[in-house]
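**Q** got a predicted structure plus its sequence, pasted below:
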Amino acid sequence: MRRRLPQVPRQDQMAAVLSVPRDSGRGPETELALRDTAIMELLYATGIRVSELCGLDIDDLDEGRNVVLPKATYQRYVKHTQGATTLAVTSPADNSSVSGSPVTVTGTTAPGNTVYVAATNTDANSATTLATTIAGASGAFSVDVAITGGTSVLNIVAVSPSGATAHAQRTIVFDFVPGQLILDVSDPDGDDNGPGTYQYPTSDNFHAGAFDIERFQVYDAGSDVIFRLKTRDLTPTFGSPLGAQLVDVYVHVPGAAPTSTAASFAGRNYTIAPAFAWSRLIEVQGFGQRYIDANSTPNTLGVVNISANAVSRFITFRVSKASLGTPAPGWGLTVVLTGQDGFSSDQARGFQPTPQEFQFGVCAPGGTAPICAVDPNTVPKAVDVITPPGVAQSTELDPTLGPVVLQGVTIP
Ligand SMILES: [Ca+2]
Ligand SMILES: [Ca+2]
């Protein structure tokens, strides 16, 4: 009969667990921290039972004398192998996004089992929080564990009264944004087709939904302003977490000067409505960025801090208030998502009449709409945009109706 080796925590995960007492905020050298560290290291290093540990007295510890006798060790670890118990974790799902802390871990195990949950933040120095509960008569359990922003690995261990164990692991993302949400607009699914006819390139590098905006948010985060764009798919592409996407945010600030209604590059084949004339442009992509003012020879305003998360599907970018100003009611934001192409002079992926391996199609093969006859070098490079109430994307982006002029959304 085949037997599988038990899953064991990695060295860094175990080190994180053992460091919890010293990192718990009580001060690493306080009596309680030293005591708890001694307890956990003794449990881990010797494998003694909790009851044995509780029964230890100071006189039992003696350099040169074993706490656990070899005979007992042989009985426990060589002759008697550790048993297995059951554990089924129903929530959270693996590789899922959570919206806050704490996270509730639910599942079933054998009645009376103790369930331990260790949440290790792999983005933040393996900071670990612990929670525990005892499964009820039905075997069901529910336990809350605190997490912090970023990616956390949950190690869930069930231990039976006789010491049998089972282990499960979940990776979750809490895409936490510090600050005050000042704009939150949603965009429909399935309108990642520009004026209604655009087709994705045919290479399987381009995942369905990669150019579909679902949500756009702006946060006031103290000295910074944070923008977030959620896409329907944010699978890493060409080796970058946002390798497929090119996002432009044209920022209209009432009263600012100079302003422009031009697109980031003329080759994008659209302009911005005068009511949304911009004084700041933030352009982000997986392989570069552009953050400029509207002078005829643009000045670069600083660095855009960009990140992307395939689980939460948010592209997050941050600039300083010192460079942007403080967003306020009346500010307008024109948001455009299209394909990135580092080989293109305007950094945006090109179009052909019908989709090619690495080029968008204006229309599917055999398309008969008027736009299908338009020169693909003149169509707007905008696969999805966020339109204000009352404006239809299919109308706004249709070059057969006249020059393409984009309107933004306004901070209320
Ligand atoms: Ca959309
Ligand atoms: Ca849209």
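**A** The structure has been received and is ready for your questions. Keep in mind the model is a prediction, meaning the values are calculated, not measured. Numbers count the residues shown, from 1 in each chain. Ligands and ions are numbered 1, 2, ... in the order given.
**Q** so which residues on the stretch 51-200 of the chain come close to ligand 2?
**A** Selection of the stretch 51-200 of the chain residues close to ligand 2 by CB under 5 Å from the ion yields 187, 191. All C-beta spots, glycine's among them, are computed from the backbone N, C-alpha and C.
**Q** got a list of what the residue in the stretch 251-400 of the chain positioned nearest to ligand 1 touches?
**A** Of all residues in the stretch 251-400 of the chain, D384 sits closest to ligand 1, at 4.7 Å by CB to the ion. With contact set as CB atoms under 8 Å, 6 or more residues apart in numbering, D384 has these partners: 187, 191-192, 194, 211-213, 336-338, 393.
**Q** so which of the residues you listed are in strands?
**A** If you go by DSSP state E, the contacts of D384 have 213, 336-338 in strands.
**Q** so V185 sits against V409, correct?
**A** Yes - assessed by CB atoms under 8 Å, V185 is found in contact with V409 at 5.3 Å.
**Q** so what sits against both of the two?
**A** Here V185 and V409 share the contacting residues 216, 386, scored by CB under 8 Å, 6+ apart.
**Q** higher neighbour count, the two?
**A** Ranked by neighbour count (other CB atoms under 10 Å), V185 and V409 place V409 first, with 22 against 18.
**Q** state the phi and psi torsions of the more buried one.
**A** Phi and psi for V409, reported as degrees, to the nearest 10, are phi -110, psi 150.
**Q** quick one: contacts for it?
**A** By CB under 8 Å, 6+ apart, the residues touching V409 are 183, 185, 216, 332-335, 386-388.
**Q** secondary structure and pLDDT for these - can I get that in CSV?
**A** Below are the contacts of V409 laid out as CSV (DSSP: H, G, I helix; E, B strand; the rest coil; pLDDT from 0 to 100):
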residue, secondary structure, pLDDT
L183, strand, 98
V185, strand, 98
F216, strand, 98
G332, strand, 98
L333, strand, 98
T334, strand, 98
V335, strand, 98
I386, coil, 98
T387, coil, 98
P388, coil, 97
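**Q** most surrounded residue in those?
**A** Most neighbours among the contacts of V409, by other CB under 10 Å: T334, with 26 neighbours.
**Q** how much space between that residue and P111?
**A** Relative to P111, T334 is positioned 59 Å away (CB to CB, to the nearest Å).
**Q** got it, and H252?
**A** Going from H252 to P111 by CB to CB gives 62 Å.
**Q** kindly report the same for H207.
**A** From H207 across to P111, the span is 44 Å (CB to CB).
**Q** centre of the chain to the longest helix anywhere in the chain, how far?
**A** Looking across the chain with DSSP state H, the single longest helix is helix 31-46. Averaging C-alpha coordinates over helix 31-46 and over its chain gives two centres that are 35 Å apart (CA atoms, centre = their mean, to the nearest Å).
**Q** got the residues of the stretch 151-300 of the chain near ligand 1?
**A** Contact residues, the stretch 151-300 of the chain versus ligand 1 (CB under 5 Å from the ion): 187, 191, 212-213.
**Q** can you do 6 Å?
**A** Residues of the stretch 151-300 of the chain lying close to ligand 1 (CB under 6 Å from the ion) are 187-189, 191-192, 212-213.
**Q** return the helix or strand in this structure with minimum mean pLDDT.
**A** In the chain, no helix or strand scores lower on mean pLDDT, DSSP states H and E than helix 70-73, which sits at a mean of 56.
**Q** what is the subsequent helix or strand relative to that helix?
**A** Using DSSP states H and E, the helix or strand that follows helix 70-73 in sequence is strand 87-91.
**Q** what helices or strands is that next one leaning on?
**A** Other elements packing on strand 87-91 under the criterion 3 or more CB pairs under 8 Å, 6 or more residues apart in numbering; DSSP states H and E are strand 103-109, strand 150-159, strand 165-174.
**Q** list the helices and strands the last one packs on?
**A** Spelled out, it's strand 165-174. strand 87-91, strand 96-98, strand 103-109, strand 150-159.
**Q** which of those sits most buried?
**A** Ranked by mean neighbour count, these are led by strand 150-159 with a mean of 21 (mean count of other CB atoms under 10 Å).
**Q** name every strand pairing with that one and say which way it goes.
**A** Partner strands for strand 150-159, per DSSP bridges, with pairing direction: strand 114-121 (antiparallel), strand 165-174 (antiparallel).
**Q** will you turn these into CSV that also has mean neighbour count and mean pLDDT?
**A** Listed next are these as CSV, based on neighbours: other CB atoms under 10 Å; pLDDT from 0 to 100:
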stretch, mean neighbour count, mean pLDDT
strand 114-121, 21, 95
strand 165-174, 19, 94
